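**Student:** Return a 3D structure for these sequence lines:
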Amino acid sequence: MERSERIVRAVGAWFVLILLALAGAAVTIALVNKYAYGPETDVRDYFQALQTGDGGKALGLLNAQVPDSNAALLDGEPLAEASKGLENVSVRTVALSGDRAVVRASYTLNGHEASSEFTLHPAETQWGFFTVWDFDPSTLPTMNVAMPGSTAVDINGASVALPGSSREFAVFYPGIYTGSYASPMVRAEPQEAAVSDARENTTMKLEAEPSERLTHQVDKQIHEHLDECAAQDSLYPAGCPFSYQFDGRIQGRVSWSIKDYPTPYVSLDDAAAGRWHVSDSRGIARIEFTAVDLYDGTTSQVTDEVPFLLSADVRVTGDEVTLTPH
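**Tutor:** Numbers count the residues shown, from 1 in each chain. Sure, this is the predicted structure:
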């Protein structure tokens, strides 16, 4: 009897150990499934690929198609730069069923709280226990970049072409894309575009502005043009913005001088042609001459100020500026 009881206790102990082992295996499988094979792991790997600028890995993980657009921002420095402001990433599954998981990544992007959601599905099972997940197929979002009057801009440190002053770029998300432009004659203030959603097609428009060098060149040519006008011995200097109406006789020369030169405001006039424009700018000329009285022949000195408006077309070709007053 005692021997039978020992056998029963031994079998019971083994049974308990087997149950504990099975329970431990189940817990281990569940933990491995969650942290090594779960859908959250794929999302973390995707964010890691973004931050290291590995566009090929990110695209493969995301299971996304590249739309019919330029791919210059999908790898290397532009991609890593887009993720520089990506911090405090927290990933959790917000919906889970047998054939679908929705994972939300919460983060701060350039100091602003945001989130992105990703839908994944089971792709296969490894070793009979571990579920491998794949992102649902998708298409990358696009960003339209435009800068009237320019055929190139800098985005996240990369110089990209803009045929026709506008172009569509495929982009990963989430990310911050910064566009800017600087040349000896033209510049543009940096513009930022944040992308956090696959369905989000973003627009970035940069405004061309004259550089200090361009403004200086225009101002110099305006001075030269007005000085040439002032050198003419005529009440109506040819091709000039000022003249003086006088019906009497003049003795000697007509003397012009410029009291106040216009301060030009240079703006883009024709983006397609890359033509700039000086809108009506106010100036003041001074005229002096000796008038002869038609009745008695006496003379008198005439000195007068003549306000005028100057406008002009400005063409920029490389480092050359051509001013055409009108």
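
**Student:** Please work out how many residues are found near the residue nearest to R199 when sequence neighbours are not counted.
**Tutor:** The shortest distance from R199 to any non-neighbouring residue, by C-beta to C-beta, 6 or more residues apart in numbering, is to P141 (6.9 Å). C-beta coordinates here come from the backbone N, C-alpha and C atoms, glycine included. Counted with other C-beta atoms under 10 Å, residues neighbouring P141 total 21.

**Student:** can you start the count at 18 instead of 1 from here on
**Tutor:** Done: numbering now begins at 18, and the last item shifts to P158.

**Student:** In contact with P158, which residues?
**Tutor:** A187, V188, Y190, V212, D214, A215, R216, E217, N218, T219 (C-beta atoms under 8 Å, 6 or more residues apart in numbering).

**Student:** so the fourth one bridges to which residues?
**Tutor:** To tie it back to what came earlier, the one meant is V212. Following DSSP bridges, V212 is listed with bridge partners G192.

**Student:** quick one: it and M160 touch, right?
**Tutor:** Yes - using C-beta atoms under 8 Å, V212 is in contact with M160, at 6.6 Å.

**Student:** Quickly list what's touching both of these two.
**Tutor:** Counting by C-beta under 8 Å, 6+ apart, the contacts common to V212 and M160 are V188, Y194, T219.

**Student:** residue nearest the centroid of this protein?
**Tutor:** G196 (2.8 Å; C-alpha atoms, centre = their mean).

**Student:** List of residues touching the helix or strand hosting that residue?
**Tutor:** In this assignment (DSSP states H and E), G196 forms part of strand 192-199. Residues outside strand 192-199 that contact it (C-beta under 8 Å, 6+ apart) are 67, 90, 95-96, 98-103, 126-127, 160, 162, 164, 167, 169-173, 188, 204-212, 219, 221, 223, 225, 228.

**Student:** Tell me the confidence at the residue lying closest to T168 once chain neighbours are set aside?
**Tutor:** Spatially, and ignoring its direct neighbours in sequence, T168 is nearest to L179 (5.4 Å; C-beta to C-beta, 6+ apart). L179 carries a pLDDT value of 93.

**Student:** ok, L179 touching I172?
**Tutor:** No - using C-beta under 8 Å, L179 makes no contact with I172, being 10.0 Å away.
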